[in-house]
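# everything below, folded, please.
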Amino acid sequence: MGKRLLYWELAGALFTAALGTLLHFAYAWSGGWSVAAAFAAVNESTWEHMKLLFFPLFLFSVVQLCCLGRTYPNFLAVRGVSTLTGVLLIPVLYYTYSGAVGDHVLWADIAVFYLAVLGAFALDFRLLRRGRFTSLWQQLLGLAILWGLAFLFVYGTFCPPELGLWLDPLTGGYGVGR
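Numbers count the residues shown, from 1 in each chain. Now for the predicted structure:
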């Protein structure tokens, strides 16, 4: 069972990294389509880069839940925790390294994304194997975290607050057309 889970987690990390990379460009490729804006990065803000990790991971979670859900009764709680961790790793790693260096570097920005993906799936693997967080309320909380993040990412793209996390450093704008 551990080897099968490892393969699933590796596939999830690869899927999330690949689709997240494509989603970085999907909004521009779509010609500014508002449906694409909901799931793809609309600018270079940290918030939009967090979204690049979330939506591929969320989509893979649906597939993985259908295939492994009964095998791991703690799946939703664990995935909620690991997804939230991966999403939060992006601003933590980005602002830590760019603050220490004094600027941001493209290769390091890319590395932050991939490290966050790996961190999310490594934590997921570890927690799923441990078998904790199996109660109904924990599963419901995990599901609420996942759907709450989905809502926040879409809402934060179309109605972003004027805070640094949402600021596009290239244009000085926020979200879609602001």
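
# switch to C-alpha atoms for all contacts and neighbour counts from now on
Fine.

# all helices for this structure, in order.
2-29, 34-39, 46-68, 75-101, 106-130, 136-158 (DSSP state H).

# report the angle between the third one and helix 106-130.
Compare the direction of helix 46-68 with that of helix 106-130 by axes from the mean of the first three to the mean of the last three CA atoms, to 10 degrees and you get 30 degrees.

# mean confidence for helix 46-68?
Regarding helix 46-68, the rounded mean pLDDT is 96.

# helices or strands up against that helix?
Where contact means 3 or more CA pairs under 8 Å, 6 or more residues apart in numbering; DSSP states H and E, helix 46-68 is packed against helix 2-29, helix 34-39, helix 75-101, helix 106-130, helix 136-158.

# those into TSV, with extra columns for mean pLDDT and mean neighbour count?
Below are the helices and strands packed on helix 46-68 laid out as TSV (pLDDT from 0 to 100; neighbours: other CA atoms under 10 Å):
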stretch	mean pLDDT	mean neighbour count
helix 2-29	96	17
helix 34-39	96	18
helix 75-101	97	20
helix 106-130	96	19
helix 136-158	97	17
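
# can I get those in a markdown table including distance to W47?
A markdown table is the format used below for these (distance: least, CA to CA, whole Å):
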| stretch | distance to W47 |
| --- | --- |
| helix 2-29 | 12 |
| helix 34-39 | 12 |
| helix 75-101 | 8 |
| helix 106-130 | 12 |
| helix 136-158 | 8 |
